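>>> build the 3D model from these lines:
(chains A and B)
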Amino acid sequence: MSDATVTQRTEDDALALQPIELSMQGALNLALRDALASDDRVLVFGEDVGVLGGVFRVTDGLQADFGADRVFDTPLAEAGIIGLGIGLAMAGWRPVAEIQFDGFVFPAYDQLVSQAARIRTRTRGAFDMPLTVRVPSFGGIRAPELHGESLETYFMHVPGLKVVTPSTPHDAYHLLRASIASPDPVIFMEPKSRYWNRGVVDRSRPDAIGARLVRPGKHVTLICWGSMVARCEQVAELAAEDGIEVEVLDLRWLTPLDEDAIARSVEHTRRAVIVHEAPLTAGPGAEIAALISSRCFRSLKAPVERVTGFDVPTPAGDLEDEFIPNIDRIMFGLQRVLEFRA
Amino acid sequence: MTRLGLRNCKALERGASVTDDALEGDTLVAPLNEALLKRAYELMYFTRLLDSALVTWQRQGLIPAYPPMIGQEAAQVGSALALDRDRDFVFPTYRELGVAVAWGVDLSGYLANHSGHWHGGRWNAAESRFAPIQAVVGGGVTHAVGWALGRRLDGASAVAIAYLGDGASSEGDVHEAMNFAAVLRAPVVFFVQNNRWSLSVPLERQVAGGSVAARAAGYGIPGVVVDGDDLLAVYQATSDAAAHARSTGGPIIVEAMTYRRGPHATSDDTGRYRTIDDELSAGEDPLDRLLATLHEAGIADDAWLAEVAQNAEVRVEELRLSTAGTEPIHGAEMFDLVFAESTPQLQRQQAHWREESDHV
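Have a look, this model is predicted:
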């Protein structure tokens, strides 16, 4: 390698680490690209991820750059995709599988729950299971049936699966890199309503551990993740106009939950509202509320509120805004905890 | 040209199960030599004795449950001997004692599954190249495809053998696995033990058309039917199939026609769904058939047979003692293997468990 080449490469590396403004889709694409480039055991596969670049173009250009052995289309069968990933991991690869839409996870659910999540235990640690499953998730884009589901509850309940969802391009980049690097299976839920929102990605500033304090406040904590974070920030802005200081906590990892971050925030604000798109009953909010009552009982000034999707099948586009927590409903949730008197 | 090597199993001649035109690019391996034949008999004899002992141990309360494989010794030992323990990988079901025996899996670790010690077993699955016992029917077949594809991408000439039964062939996962393997080119031998029974449901109500290997045509891959109770035929067919997978990088189906002579499991009652006449249709015992072959070839005298029996009895007794003497597993182990690193949640639950339950 000539000196000129070395100099050029150093400059490229320095340039590569400059903060860059990207959509979340672009940040995810960059994360996959960097993962493929930095570890030749990484494989990317799923339905339409090759030539097409994925229906959301998250894998755009990857097959052209890394070849059809490392980035490839599979037949249209979700159980097969996850089973394939498990076997590839057992053969020493680091598979990144895409399930095209949230609702199509169910055909693969057995492979995720009965197989991927248990391989480490079943083999007493003889095998790692570094399988990342990317799932475009949540609603908000007027999609057809079963293209807008919020399935984190189903995964959080499974011992052996990790569950994570980003809310910004920067987090999307670093959380996906961390998921791919993980020796455990990770369900990576991509908030499809946020794919095209832009933000600065700083690759020199890795940040993938635990929850993220989005906005400090002292009167009440809004606990949220994925697609709901931006909406909770809007709510916090509006509430600030009335002098209410809302703390917004983006959990990011739903398994394992950053319990300390939750407890720290609620100890401070003494009130909490949990916001999620998934249906109410036995949802993530129930678990988090139980955690808060156990860790922060003496500090609480009001019962924990949940603002969530309803216990109904995710409705079509016309009713999506009624189903997904909207600004009004989150504001009412805040009002209930702020006005509560024992 | 059809690439379907399907034949009527009754028409099969020993050791010639795959037609040359059925397979391209394969190199037929040498037939079993005398030493290997005797080795196969030893393994089958020991498997039969251990399998029967496990039923007894269940009746005695030593183990909670067991799915016997009596009658499938030739299919299991013959297929396992045809693969290479140093580079291939086995994906078993829960009824694969004979494969485990022939593959050389640590049997006290294997029995840890059936004794209720640890789900999946307790041998080192990575080092043994033998995946854990799979409780979900058809659940591990796609894993074989992933493993085989992964090894092909590495440039290794390694083959995965996925065991499944006629019942599993109804599972969607099995279709997905076969199609993935064909489309993505994964060197997998799908070894179907068609034992005619899926718990209580007979083959006629399980597999339309009666043959799983016949589906190979639809996947554009070779399919072979072999007399699964004929050790030589199974060995030859599986050797040829492995050679095909190794040389082409693609999959093949071998369907070994056999009969589940025992119940589905020790909790089963075959009298509720099949008759003695039906059981007699199983035909001649695979061990007797191999023994007859050994006698015909003049390579099994009484002294050797007595030694085989004696060695098997000693080993079975050792396994009984090791199974009976196994210390109960410590509860802490529940928590340690969920993730590579424990989580705060698991640590807290483990602490609670330690305080409240770990009294012994």
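>>> from now on I want contacts and neighbour counts done on CA atoms only, so please keep to that.
Fine.
>>> name the residues of chain B found near chain A, please.
Listed as neighbours of chain A in chain B under the rule C-alpha under 8 Å from any C-alpha of the partner chain: B:118-126, B:132, B:136, B:139-151, B:153, B:173, B:176-177, B:179-180, B:183-184, B:337-340, B:343-345.
>>> the residue nearest to B:Ser169 when sequence neighbours are not counted: what's it in contact with?
Counting by C-alpha to C-alpha, 6 or more residues apart in numbering or on different chains, B:Val212 is the residue found nearest to B:Ser169 once chain neighbours are left out, at 6.9 Å. Contacts for B:Val212 (C-alpha atoms under 8 Å, 6 or more residues apart in numbering or on different chains) come out as B:Asp166, B:Ser169, B:Val192, B:Glu255.
>>> quick one: the third one is in a helix?
No - the assignment for B:Val192 (DSSP: H, G, I helix; E, B strand; the rest coil) gives strand, which keeps it out of a helix.
>>> what ranges do the strands span in the stretch 151-300 of chain A?
Secondary structure of the stretch 151-300 of chain A (DSSP state E, counting those that start in this stretch): strands located at A:162-164, A:186-191, A:198-201, A:212-215, A:220-224, A:246-250, A:253-255, A:272-279.
>>> try chain B
B:89-91, B:160-165, B:188-194, B:197-198, B:201-202, B:223-227, B:252-257 (DSSP state E).
>>> in CSV: those, plus mean neighbour count and mean pLDDT.
Converted to CSV, the strands of chain B look like this (neighbours: other C-alpha atoms under 10 Å in any protein chain shown; pLDDT from 0 to 100):
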stretch, mean neighbour count, mean pLDDT
strand B:89-91, 26, 98
strand B:160-165, 27, 98
strand B:188-194, 29, 98
strand B:197-198, 20, 96
strand B:201-202, 14, 96
strand B:223-227, 29, 97
strand B:252-257, 29, 98
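>>> same list (the ones you listed) but as CSV, adding distance to A:Phe188.
As requested, the strands of chain B are exported to CSV (distance: least, C-alpha to C-alpha, whole Å):
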stretch, distance to A:Phe188
strand B:89-91, 28
strand B:160-165, 29
strand B:188-194, 30
strand B:197-198, 37
strand B:201-202, 40
strand B:223-227, 39
strand B:252-257, 35
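>>> circling back: let me know the closest of the contacts of B:Val212 to chain A.
When these are ranked by distance to chain A (C-alpha to the nearest C-alpha), B:Ser169 comes first, at 14.5 Å.
>>> surely that closest one meets B:Val141?
No - in this structure B:Ser169 lies outside contact range of B:Val141 using C-alpha atoms under 8 Å: 10.2 Å.
>>> neighbour count winner among the two?
B:Val141 (31 against 20; other C-alpha atoms under 10 Å in any protein chain shown).
>>> grab the nearest non-local neighbour of the more buried one.
Of all residues not flanking B:Val141 in the chain, B:Ala162 sits nearest, at 5.6 Å (C-alpha to C-alpha, 6+ apart).
>>> same check on A:Val55?
Using C-alpha to C-alpha, 6+ apart, the nearest residue to A:Val55 is A:Asp48, at 6.9 Å.
>>> cool, and A:Leu84?
B:Gly146 (4.0 Å).
>>> contacts only, for that neighbour.
A:Gly83, A:Leu84, A:Gly85, A:Ile86, A:Gly87, A:Leu88, A:Ala89, A:Ala91, B:Ala186.
>>> most neighbours among the residues you listed, which one is it?
Ranking these using other C-alpha under 10 Å puts A:Gly85 first, with 34 neighbours.
>>> ok so, going back, now distance to B:Pro286 too, for the strands of the stretch 151-300 of chain A, in TSV please.
Shown next, in TSV, are the strands of the stretch 151-300 of chain A (distance: least, C-alpha to C-alpha, whole Å):
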stretch	distance to B:Pro286
strand A:162-164	48
strand A:186-191	46
strand A:198-201	66
strand A:212-215	65
strand A:220-224	63
strand A:246-250	64
strand A:253-255	51
strand A:272-279	57
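>>> helix, strand or coil for the residue nearest to A:Val55?
coil.
>>> contacts only, for residue 251.
The chain I'm using is chain A. Contacts of A:Leu251 (C-alpha under 8 Å, 6+ apart): A:Gly210, A:Ala211, A:Arg212, A:Ile223, A:Cys224, A:Trp225, A:Leu257, A:Asp258.
>>> that answer is for a different chain, and I need it for chain B
B:178, B:181-182, B:185-190, B:221-222, B:244-245.
>>> cutoff 6 Å now
Residues in contact with B:Pro251 (C-alpha atoms under 6 Å, 6 or more residues apart in numbering or on different chains) are B:Ala186, B:Pro187, B:Val188, B:Val189, B:Ala245.
>>> and which of the residues you listed is nearest chain A?
The closest of the contacts of B:Pro251, once distances to chain A are taken by C-alpha to the nearest C-alpha, is B:Ala186, at 10.4 Å.
>>> hang on, the closest one packs against B:Trp147?
No - in terms of C-alpha atoms under 6 Å, B:Ala186 does not count as a neighbour of B:Trp147; the distance is 8.4 Å.
>>> can you list residues touching both of those two?
Going by C-alpha under 6 Å, 6+ apart, no residue sits against B:Ala186 while also sitting against B:Trp147.
>>> that older thread, show me the contacts of B:Gly146 that map onto helices.
Filtering the contacts of B:Gly146 for membership in helices, criterion DSSP state H, returns A:Gly83, A:Leu84, A:Gly85, A:Ile86, A:Gly87, A:Leu88, A:Ala89.
>>> which one is A:Trp93 nearest to, not counting chain neighbours?
What sits nearest to A:Trp93 in space, not counting adjacent residues and going by C-alpha to C-alpha, 6+ apart, is A:Arg41, at 4.9 Å.
>>> tell me how many other residues surround the one you found.
Counted with other C-alpha under 10 Å, A:Arg41 comes out at 17.
>>> next one: it, what pLDDT does it get?
Looking at A:Arg41, its pLDDT stands at 98.
>>> and what of B:Thr2?
Value listed for B:Thr2 in the pLDDT field: 27.
>>> any stretches of the chain with poor pLDDT?
In the absence of a named chain, chain A is used. A:1-16 (pLDDT under 70).
>>> meant chain B, my bad for not saying
Along chain B, the parts satisfying pLDDT under 70 run over B:1-32, B:359-360.
>>> ok, 80 please
Residue ranges of chain B with pLDDT under 80: B:1-32, B:358-360.
>>> distance from the helix or strand harbouring A:Arg306 to the middle of the chain?
Using DSSP states H and E, A:Arg306 sits in strand A:305-309. Strand A:305-309 has its C-alpha centroid displaced from the chain centroid by 19 Å (C-alpha atoms, centre = their mean, to the nearest Å).
>>> contacts for it?
So strand A:305-309 is contacted by A:Val273, A:Ile274, A:Val275, A:His276, A:Glu277, A:Ala278, A:Pro279, A:Leu280, A:Phe323, A:Ile324, A:Pro325 (C-alpha under 6 Å, 6+ apart).
>>> beyond it, next helix or strand please.
Assigned by DSSP H and E, the successor of strand A:305-309 is helix A:317-323.
>>> other residues contacting that following helix?
Residues contacting helix A:317-323 (C-alpha under 6 Å, 6+ apart): A:Arg142, A:Gly309.
>>> run the last query once more with 7 Å
For helix A:317-323, contacts defined as C-alpha atoms under 7 Å, 6 or more residues apart in numbering or on different chains pick out A:Gly140, A:Arg142, A:Ala143, A:Gly309, A:Phe310.
>>> out of those residues, which is nearest to chain B?
Looking across those and measuring by C-alpha to the nearest C-alpha, the closest to chain B is A:Gly309, at 26.3 Å.
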